[in-house]
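Student: Coordinates only, no sequence provided:
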Ligand SMILES: C[S@@+](CC[C@H](N)C(=O)[O-])C[C@H]1O[C@@H](n2cnc3c(N)ncnc32)[C@H](O)[C@@H]1O
């Protein structure tokens, strides 16, 4: 039986504070029944304040549906989906410390049936199941192979909807893009101008660190996010804030010509670090 929300597990607030601190630092500021995990977060009350700006775009009642939270971190979205009546919820992340945070949070909040696994987004095929809702928030820009991640999600785990967010840079405009781009502007040898338009789909590549973090590799503009989602076979149902997209599974463009879009590089046994 699940422990009711509102009580502090095992030994009261002081004990909980020390368990929280032992797993720090936290990226998610969670309210664990009155004890906050990251009260001094540089983004404020994060991600609660962000979620408040688009929460209404999601169904209020998930009616027992299944959820996969990719890059779940300390489990904020997993917990929120349980609060909305989700049934099976699986959170995956590639960082064991964040997974330990998520396990502590769900234990304290009484959602012990959420399953957390150390699994990379590149390995979602190993789950062997599709979910009614995939949450893919705040991960894309950390990946060296972002479109591959979307292709793998679409192929293996997206059953119906996906809630997506990425850090974005550049213009929020969305330019009209032609079905087919001519090599030159008609009647000239000039390169077409679309690519210089602020609202043309773009991915900015960040060679060095962004906000002190070397894992921030990419920053699409808003049109770029939307175009990549469509290209991976997601129809955009709503875009409740600039960088958040609620999508539905849709036919994959050019699938009939390319077959599967994802690729599966062969793994070779590790022989030590590459210098
Ligand atoms: C910026 S946090 C976003 C956390 C949460 N999804 C949110 O939106 O608040 C990025 C998370 O993605 C995880 N992550 C990074 N690369 C990953 C990968 N290849 N597979 C799964 N998770 C990954 C990190 O460990 C981290 O927890």
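Tutor: Perfect, I can see it now. The model shown is predicted, which means the values in this text are computed figures rather than measured ones.
Student: just checking, what packs against the longest helix seen in the chain?
Tutor: The residue-count maximum for a helix in the chain (DSSP state H) belongs to helix 96-109. Secondary-structure packing of helix 96-109 (3 or more CB pairs under 8 Å, 6 or more residues apart in numbering; DSSP states H and E): helix 12-22, strand 31-32, helix 76-83, strand 89-93, strand 115-118. Just so you know, the C-beta spots here come from the backbone N, C-alpha and C atoms, and that holds for glycine as well.
Student: wait, does that helix make contact with the ligand?
Tutor: Yes - Helix 96-109 lies within reach of the ligand by CB under 6 Å from any ligand atom, at residue 98.
Student: any idea of the angle that helix forms with helix 12-22?
Tutor: 170 degrees (axes from the mean of the first three to the mean of the last three CA atoms, to 10 degrees).
Student: Run through who's touching helix 96-109.
Tutor: Residues outside helix 96-109 that contact it (CB atoms under 8 Å, 6 or more residues apart in numbering): 3, 5, 8-9, 16, 19-20, 23, 26-28, 30, 32-33, 37, 72-75, 78-79, 91, 93, 112, 114, 116-118.
Student: And stretch 185-200, by the same measure?
Tutor: 170, 171, 173, 174, 175, 177, 178, 181, 182, 184, 221, 223.
Student: out of the helices and strands packed on helix 96-109, nearest to the ligand?
Tutor: strand 89-93 (4.6 Å; CB to the nearest ligand atom).
Student: What strands line up against the closest one, and which way round?
Tutor: Using DSSP bridges, the strands paired with strand 89-93 are strand 67-70 (parallel), strand 115-118 (parallel).
Student: Could you pull out the buried residues of the last one?
Tutor: Yep, that's strand 115-118 we're talking about. residue 116 (16 or more other CB atoms under 10 Å).
Student: so is residue 135 in a helix, a strand, or just coil?
Tutor: strand (DSSP: H, G, I helix; E, B strand; the rest coil).
Student: That one and residue 80 touch, don't they?
Tutor: No - using CB atoms under 8 Å, residue 135 makes no contact with residue 80, being 9.3 Å away.
Student: Which residue of these two possesses the greater neighbour count?
Tutor: Neighbour tally, residue 135 and residue 80, criterion other CB atoms under 10 Å: the higher count belongs to residue 135, 26 against 20.
Student: Could you tell me how far the residue nearest to residue 226 when sequence neighbours are not counted is located from residue 249?
Tutor: Take residue 226 and drop its neighbours on the chain: the residue closest to it by CB to CB, 6 or more residues apart in numbering is residue 236, 5.9 Å away. Residue 236 is 12 Å from residue 249, where distance means CB to CB, to the nearest Å.
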